[in-house]
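Asker: Based on what follows, work out the 3D shape:
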Amino acid sequence: MASDDLSSFPSADDEKYGFQRPEMFSTKLAGTVDAYDRHVFLCYKSPEAWPVRVEGSESDPLPKLLSSAFKARKNDISVKTKLTVCEGREGTDFADGDVLIFPDMIKYRGLKESDVDSFVDDVIVNGKPWASGAQEVLTGSHVFVCAHGSRDRRCGVCGPVLIDKFIEEAELRGMKDKVFVSPCSHIGGHKYAGNLIIYSPGADGMITGHWYGYVAPDDVPELLDEHIGKGQIIERLWRGQMGVFAEEIEKANEHKVPNGESEKLKDQKLPNGEDSKKSEEKPQENFAGCCQGANGVSCCRDGSLEQTSGIEEKKQKEITEATSGKKDGLACKLTSCIGKWEQSDILAAVAVVGAVATVGVAVYSFYRRSG
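Answerer: Model prediction:
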């Protein structure tokens, strides 16, 4: 494996294919993972031995047979499943022919070419234990780093460096027996290299696969401490997760992280200068109850219609209140004007009466002196 020292490959490679290349962080990552619900890894040889398309190589019959069996039975497979090749090394936990299944956290040892059809029929199609093999339970957290150099030079440059860094940092934290790191073949999105997937159990035992892109060696400690250690998503590197559609990721403003806690998406400044959207208020939940009637007639209650109706009622109420408020305001103004008008008239009337009285008294006094 390559050393985590970036000097282990020419600086020209780093600038063009590695962590210093111009395209790093040039694209928004969230929502770049296709929806799937199960991930099968076939352990087979090393990245250096993988051809461009390892699952279609004539010289590598096992990956090709397994991939062909998946395609042939695709209409029978009810769970949307991804198939990826990861490294297999004799004398290790993951040897050639071993099959790992997530989120089931199951391993089958030593799949052979002659066993492919029965394995796919039992395990992948029917969801049963493989009749010809024994299940083993996987434990800990599993990190798969794309290092498929023959497929794309960027993954070939970034992948090995990240793998070594993960192993080094895990050992420093005493996590060597809890975090298992493996190189894997193409997973999609070479331009996001370094690419990796973390399958990690939460406090409730549930497994979720989270995809990260544009990962550099300096990000590895944070992924170990925050994601694997605390179940917190590293948002700036997050591409998506198993079981979630890209459209849902775009709309969501809250993630359910592996340890069962909720983490609100924070404002982040995207590399292209655009700000990610954030809702300051809790999003309205759209509930829809449904039952199936006779002859296929549905009596579904559309939560979105009810929500729309409620919004319209609220708007109407606001309009009514606003109109009422204007009327009340006008009435108050009129009352005030009338009050002021009556007061001024009274004062004027008093003044006139006073003047008339004064004149009357003066005239009376004059006639009295004359008489």
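Asker: pLDDT weak spots in this protein?
Answerer: In the predicted model of the chain, residues 1-12, 202-203, 244-371 satisfy pLDDT under 70.
Asker: so where do the helices sit in it?
Answerer: For the chain, helices defined by DSSP state H occupy the ranges 11-16, 61-72, 116-119, 153-172, 220-222, 229-230, 246-251, 303-370.
Asker: Mind listing residues that contact the fourth one?
Answerer: Helix 153-172 has contacts (Cβ atoms under 8 Å, 6 or more residues apart in numbering) with 1-4, 6, 8-9, 13-14, 17-19, 21, 47, 143, 145-150, 176, 178-179, 181-183, 186, 190-191, 193-196, 215, 217, 220-221, 223-224. (Glycine included, C-beta is placed from N, CA and C.)
Asker: Could you identify the buried members of those?
Answerer: If you count burial by 16 or more other Cβ atoms under 10 Å, the buried members of these come out as 2, 4, 6, 9, 13-14, 17-19, 21, 47, 143, 145-150, 179, 181-183, 186, 190, 193-196, 215, 217, 220, 223-224.
Asker: Looking at these, which are in strands?
Answerer: Counting by DSSP state E, the part of the buried ones among the contacts of helix 153-172 found in strands is V143, V145, C146, V179, V181, S182, P183, L196.
Asker: As TSV, these with distance to R154 would be great.
Answerer: TSV is the format used below for these (distance: Cβ to Cβ, whole Å):
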residue	distance to R154
V143	18
V145	13
C146	9
V179	24
V181	19
S182	19
P183	14
L196	13
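Asker: Could you identify the most distant pair in those?
Answerer: Farthest pair in these (Cβ to Cβ) is C146 and V179. Separation: 17.4 Å.
Asker: residue contacts, R89?
Answerer: When contacts are counted by Cβ under 8 Å, 6+ apart, R89 touches S46, A95, D96.
Asker: tell me, how many neighbours does the residue nearest to the second one when sequence neighbours are not counted end up with?
Answerer: Residue nearest to A95 in three dimensions, not counting chain neighbours: G88, with 5.4 Å by Cβ to Cβ, 6 or more residues apart in numbering. When neighbours are defined as other Cβ atoms under 10 Å, G88 has 19 of them.
Asker: looking at it, S132 is touching V120, isn't it?
Answerer: No: here S132 lies out of contact with V120, judged by Cβ atoms under 8 Å, at a distance of 11.8 Å.
Asker: For M175, give its distance to G229.
Answerer: 8 Å (Cβ to Cβ, to the nearest Å).
Asker: Okay, P217 and D164: tell me how far apart.
Answerer: 9 Å.
Asker: Export the contacts of R89 as a markdown table, with columns for neighbour count and distance to E136.
Answerer: Formatted as a markdown table, the contacts of R89 follow (neighbours: other Cβ atoms under 10 Å; distance: Cβ to Cβ, whole Å):
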| residue | neighbour count | distance to E136 |
| --- | --- | --- |
| S46 | 13 | 22 |
| A95 | 14 | 12 |
| D96 | 16 | 16 |
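Asker: Output those residues as CSV; include the columns distance to E168.
Answerer: Below are the contacts of R89 laid out as CSV (distance: Cβ to Cβ, whole Å):
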residue, distance to E168
S46, 20
A95, 24
D96, 26
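Asker: Closest to S68 out of those?
Answerer: The nearest member of the contacts of R89 to S68, counting by Cβ to Cβ, is D96 at 18.7 Å.
Asker: ok, and the closest non-adjacent residue to that closest one?
Answerer: Spatial nearest neighbour of D96, excluding adjacent residues (Cβ to Cβ, 6+ apart): G88 at 3.9 Å.
Asker: got a list of what that neighbour touches?
Answerer: With contact set as Cβ under 8 Å, 6+ apart, G88 has these partners: L42, C43, Y44, K45, S46, F94, A95, D96, G97, D98.
Asker: do the same with V116
Answerer: The contact partners of V116, by Cβ under 8 Å, 6+ apart, come to L62, L65, L66, A69.
Asker: just I197 next, same as before
Answerer: For I197, counting by Cβ under 8 Å, 6+ apart, the contacting residues are H39, V143, F144, C184, I187, G209, H210, W211, Y212.
Asker: Look up how far C86 lies from it.
Answerer: According to Cβ to Cβ, I197 and C86 sit 10 Å apart.
Asker: got any residues that touch both of the two?
Answerer: F144, C184.
Asker: between S132 and V120, which one's more packed in?
Answerer: Of the pair S132 and V120, V120 is the one with more neighbours under other Cβ under 10 Å, namely 22 against 14.
Asker: Do I have it right that that one meets S68?
Answerer: No: contact criterion Cβ under 8 Å: V120 and S68 do not qualify, at 9.7 Å.
Asker: What about F41, how many residues nearby?
Answerer: F41 has 26 neighbours, counted by other Cβ under 10 Å.
Asker: partner residues bridging it?
Answerer: Under DSSP bridges, the beta-bridge partners of F41 are T84, L100.
Asker: Contacts only, for it.
Answerer: L83, T84, V85, C86, V99, L100, I101, F102, F144, S182, C184.
Asker: do that again at 10 Å, thanks
Answerer: Counting by Cβ atoms under 10 Å, 6 or more residues apart in numbering, F41 makes contact with 82-88, 94, 98-102, 107, 142, 144, 182, 184-185, 197, 199.
Asker: Mark which of those are buried, thanks.
Answerer: Those of the contacts of F41 that meet the buried threshold are 82-88, 94, 98-102, 107, 142, 144, 182, 184-185, 197, 199, by 16+ other Cβ under 10 Å.
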